[in-house]
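K.L.:
what follows is a predicted structure for the sequence shown.
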Amino acid sequence: MNKFESQAISNTLWSYATLGCASPKLFDAAAEEAIKKMNKFNQQDISNTLWSYATLGCASPKLFDVAAEEAIKKMNKFITQQISNTLWS
């Protein structure tokens, strides 16, 4: 996953969550990469990533903390649906 950009990470996670396919190893690896690259995540990437973890019930407290900090910085760019999904997560 180290070659994945933020959108590729979030889209991959979203796909797994939408299909209901939990993959703990994938989600752990994605969390590590997402934490490193969180400053490059846009509001949709943040929203989709957190939604994916929450939908599958995957815990990643550090990821959620880092994503929350980034979301606060970018809050003025979030649309209503992204805010809703992020808060639900």
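P.N.:
Happy to help now that I have it. It should be emphasised that the depicted structure is a prediction, and the values quoted were computed from it without experimental measurement.
K.L.:
list the contacts of residue 37.
P.N.:
5, 6, 9 (C-beta atoms under 8 Å, 6 or more residues apart in numbering). In short, each C-beta sits where N, CA and C put it, glycine included.
K.L.:
distance of the first one relative to residue 48?
P.N.:
So the one you mean is residue 5. For residue 5, the distance to residue 48 equals 13 Å [C-beta to C-beta, to the nearest Å].
K.L.:
which helices and strands does the helix or strand bottoming out on mean pLDDT in the chain pack with?
P.N.:
When the helices and strands of the chain are compared on mean pLDDT, DSSP states H and E, helix 80-88 comes out lowest with a mean of 95. Other elements packing on helix 80-88 under the criterion 3 or more C-beta pairs under 8 Å, 6 or more residues apart in numbering; DSSP states H and E are helix 43-56.
K.L.:
buried ones in the helix or strand following the helix it packs on?
P.N.:
Per DSSP states H and E, the first helix or strand lying C-terminal to helix 43-56 is helix 61-74. Within helix 61-74, the residues scored as buried using 16 or more other C-beta atoms under 10 Å are 63, 64, 66, 67, 70, 71.
K.L.:
and which of those residues is nearest to residue 13?
P.N.:
For the buried residues of helix 61-74, the minimum distance to residue 13 (C-beta to C-beta) is 10.4 Å, reached by residue 63.
K.L.:
could I get the contacting residues of the closest one?
P.N.:
Applying C-beta under 8 Å, 6+ apart, the residues near residue 63 are 31, 34, 35, 49, 53.
K.L.:
one step back: put the buried members of the contacts of residue 37 into a ChimeraX selection.
P.N.:
Those of these that count as buried under 16+ other C-beta under 10 Å are selected in ChimeraX with:
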select :6,9
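K.L.:
thinking again about what came up before, which two among the buried residues of helix 61-74 are spaced furthest apart?
P.N.:
63 and 71 (11.9 Å).
K.L.:
shared neighbours, these two?
P.N.:
Joint contacts of residue 63 and residue 71 (C-beta under 8 Å, 6+ apart) do not exist.
K.L.:
ok, back up a step: want to throw the contacts of residue 63 into a markdown table with pLDDT?
P.N.:
Output for the contacts of residue 63, formatted as a markdown table (pLDDT from 0 to 100):
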| residue | pLDDT |
| --- | --- |
| 31 | 98 |
| 34 | 98 |
| 35 | 98 |
| 49 | 98 |
| 53 | 98 |
